[in-house]
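Chemist: for reference, the sequence and a predicted model appear below.
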Amino acid sequence: MEFELKVGVVNVHIGSKQRRDEWYDLVKSKARLDVCAVTETWLKDEDEAAMRLELNEGEYVWFGRQQKKEQGGEGRGGVGFLVKKNLGAKVVKVGKEGNLLWVSVGKQEPWYLAVVYIAPRKTEEFHRVMEEIQGDVERWGGRVWY
C-alpha cells in the first residue's frame, strides 16, 4: 500500500492571530497540505498556547519549538509543524540547539520529517546542526524528509 503525503514548507511569522488565521487558511483550504513545516515562527509561549486552543477542534495539531533568546536580544526564529491529526504524528526529537525539530508521521511504517532554522552568519551553529542531522538521517534510514 502506497503512502502519500502532501508537504509544504514556509518561512512565516505567525505570532499574531490574524497571521495564524491567514496561514492556516492557506494550508487547509488552498494548498490542502497534510503537513506544513514552518521556520521563523516568532511565536512566544503565550502565542503557542493560544494556537493550540485555536486548533483544538480542527483537523490539525501543532508541534513547535521556540528558539532560545539570545543574550541581549529577543527570541526570534522558532520552528514547527502543522500536521493533520489523522496521521498520528509525534515529536521524536528536539535538536540540541533548539532550532531543529523531528516528527514522525504514519503508524505502521513512519516517515521522519525535520524542520530546521539557522540564522544567517552563524557558521559554527550551521556545522553543529548539520552534523546532528546527518546522525539522525543515518539512524532513521531512507524514510526521512528534511
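Modeler: Perfect, I can see it now.

Chemist: tally of neighbours for Val129?
Modeler: 19 (other Cβ atoms under 10 Å). Just so you know, the C-beta spots here come from the backbone N, C-alpha and C atoms, and that holds for glycine as well.

Chemist: contacts for stretch 15-26, please.
Modeler: 10, 12-14, 38, 41-44, 47, 50-51, 54-55, 60, 82 (Cβ atoms under 8 Å, 6 or more residues apart in numbering).

Chemist: if we use 7 Å, what do you get?
Modeler: Outside of stretch 15-26, the residues within contact range by Cβ atoms under 7 Å, 6 or more residues apart in numbering are Val12, His13, Ile14, Trp42, Leu43, Lys44, Asp47, Met51, Glu54.

Chemist: please apply the same query to stretch 80-99.
Modeler: Here stretch 80-99 has contacts from 27, 34-38, 41, 59-65, 67-68, 77, 79, 101-107, 112-113, 115-118, 125, 128-129, 132, 136, using Cβ under 7 Å, 6+ apart.

Chemist: quick one: mean pLDDT for it?
Modeler: The pLDDT scores in stretch 80-99 average 92.

Chemist: name the residues of that stretch that are buried.
Modeler: Gly80, Phe81, Leu82, Val83, Lys84, Leu87, Ala89, Lys93, Gly95, Glu97, Gly98, Asn99 (16 or more other Cβ atoms under 10 Å).

Chemist: on that earlier part again, could the contacts of stretch 15-26 be laid out in TSV, adding distance to Glu22?
Modeler: Shown next, in TSV, are these (distance: Cβ to Cβ, whole Å):
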residue	distance to Glu22
Val12	9
His13	11
Ile14	9
Trp42	14
Leu43	15
Lys44	19
Asp47	15
Met51	13
Glu54	13
